[in-house]
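> my questions concern the predicted model and sequence given below.
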Amino acid sequence: MQLEDRIKACLQHEVPKHMAIIMDGNGRWAKKRGLPRIAGHHEGMKMVRKATKLANRLGIDVLTLYAFSTENWTRPKPEVEYIMKLPEQFLTTYLPELVEENVKVDMMGTKDRLPFHTKVAIEKAMEDTKENNGLLLNFALNYGSRSELICAMQQMLRDHEQGVFNAHQVDEDTFRSYLLKPDLPDPDLLIRTSGEIRLSNFMLWQLAYTEFYFTDVLWPDFTEEHFVEAVEAYQKRSRRYGGVRNDGG
Ligand code: FPP
């Protein structure tokens, strides 16, 4: 079936409300071609645009993209500097298009360690798209789940000391309210490209009931067809959240 028909077919069924992607394999994509690793990141950025457009078309509410982890700072400095230029490059080129397509840009992670130019680019995009109510494009940038959980715990302990709540009042909703994006629904579908089958410190709390989709395709090679294939696979899954289906299955 042609891509357009497959997209139309996907639209007849429930699409994930929140889709998250660990965009992996940029380095290997470049190495295979005898190119520097940064060429892979540059190529990966192009797929970010395509994934955003397609997610928006499919009526997905939130697309979270793992662009840089708290552990990625250990990479060689030139590579880190290059990746930190990508949000600026991407947003300078595509911000008008995002505005026009009603996409709202957001960021999940700690801004304090980001270079000034990266922060400015993200903040401008957030400001320029704040009234939009189409797809929420959520860049996980300088994000690490353990750090998010520890920060949540620290703030909870401070609030507990202030008498904001008692220990027995803490439930899942209370805990969630201390996370970085408490208002986002949990991801329904997580995609990881490049054949790696691990979470790498990504949204450990939020992925509790998420459907996982792992593919060997490297992120820069991940086309619209692959994206639709992941959604089709999701639509065939039976989500039970620890219970049983109505038909007892
Ligand atoms: C992982 O591949 C990829 C990253 C750490 C960077 C991801 C960034 C992008 C795809 C571009 C982001 C674009 C914007 C607009 C923020 P890897 O380098 O670990 O690949 P490897 O495992 O093959 O070495």
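That came through fine. Owing to the predicted nature of the structure, the values given are computational and were not obtained by experimental measurement.
> what about H42, how many neighbours?
Per other CB atoms under 10 Å, the neighbour tally for H42 reads 18. All C-beta atoms are positioned from the backbone trio N, CA, C, and that covers glycine.
> list the contacts of the residue nearest the centre of the chain.
The centroid of the chain falls nearest to T64 when counting by CA atoms, centre = their mean (2.0 Å). Counting by CB atoms under 8 Å, 6 or more residues apart in numbering, T64 makes contact with H18, M19, A20, I21, M108, N138, F139, A140, L184, P187, M203.
> got it, and N56?
Going by CB under 8 Å, 6+ apart, the list of residues near N56 reads E101, N102, V103, G134, L135.
> quick check on it: phi, psi?
Main-chain dihedrals, N56, degrees, to the nearest 10: phi -60, psi -40.
> quick one, grab the pLDDT at the spatially closest residue to L141 that is not a sequence neighbour.
Nearest residue to L141, sequence neighbours excluded (CB to CB, 6 or more residues apart in numbering): G109, at 4.5 Å. G109 is assigned 98 on the pLDDT scale.
> what's the neighbour count on L137?
L137 has 24 nearby residues by other CB under 10 Å.
> same thing with E131?
Neighbours around E131, by other CB under 10 Å: 9.
> kindly report the same for L35.
Neighbourhood size, L35 [other CB under 10 Å]: 14.
> quick one: it from H42, how far?
Remark: distance between L35 and H42 (CB to CB, to the nearest Å) = 9 Å.
> cool, F227 as well?
F227 is 20 Å from H42, by CB to CB.
> ditto for D24
16 Å.
> apart from its neighbours in sequence, what residue is nearest the closest residue to the ligand within the chain?
When scored by CB to the nearest ligand atom, the chain has G27 as its residue closest to the ligand, at 2.5 Å. Nearest residue to G27 in three dimensions, chain neighbours excluded: R37, at 4.4 Å (CB to CB, 6+ apart).
> T118 is in contact with M84, isn't it?
Yes - the pair T118 and M84 passes the contact test of CB atoms under 8 Å, sitting 4.8 Å apart.
> could you report the neighbour count for the residue nearest to G27?
If you count neighbours by other CB under 10 Å, R37 ends up with 19.
> remind me which residues of this protein are low pLDDT?
246-249 (pLDDT under 70).
> need the residues of it near the ligand, please.
Taking CB under 6 Å from any ligand atom as the contact definition, the chain meets the ligand at 23-28, 41, 44-45, 48, 67-68, 72, 83, 86-87, 90, 139, 194, 219.
> mind running it again at 8 Å?
22-31, 37, 40-41, 44-45, 47-48, 65-69, 72, 75, 79, 83, 86-87, 89-91, 139, 141, 194, 196, 218-220 (CB under 8 Å from any ligand atom).
> need the buried ones from the residues you listed selected in ChimeraX.
Buried members of the residues of the chain next to the ligand, defined by 16 or more other CB atoms under 10 Å, are picked up in ChimeraX with:
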select :22,23,24,25,26,27,28,29,30,37,40,41,44,45,47,48,65,66,67,68,69,72,79,83,86,87,90,91,139,141,194,218,219,220
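> inside helices: which ones of the residues of the chain next to the ligand?
26-31, 37, 40-41, 44-45, 47-48, 79, 83, 86-87, 89-91 (DSSP state H).
> what about stretch 121-141, distance to the chain center?
Centroid separation between stretch 121-141 and its chain, computed with CA atoms, centre = their mean, to the nearest Å, is 13 Å.
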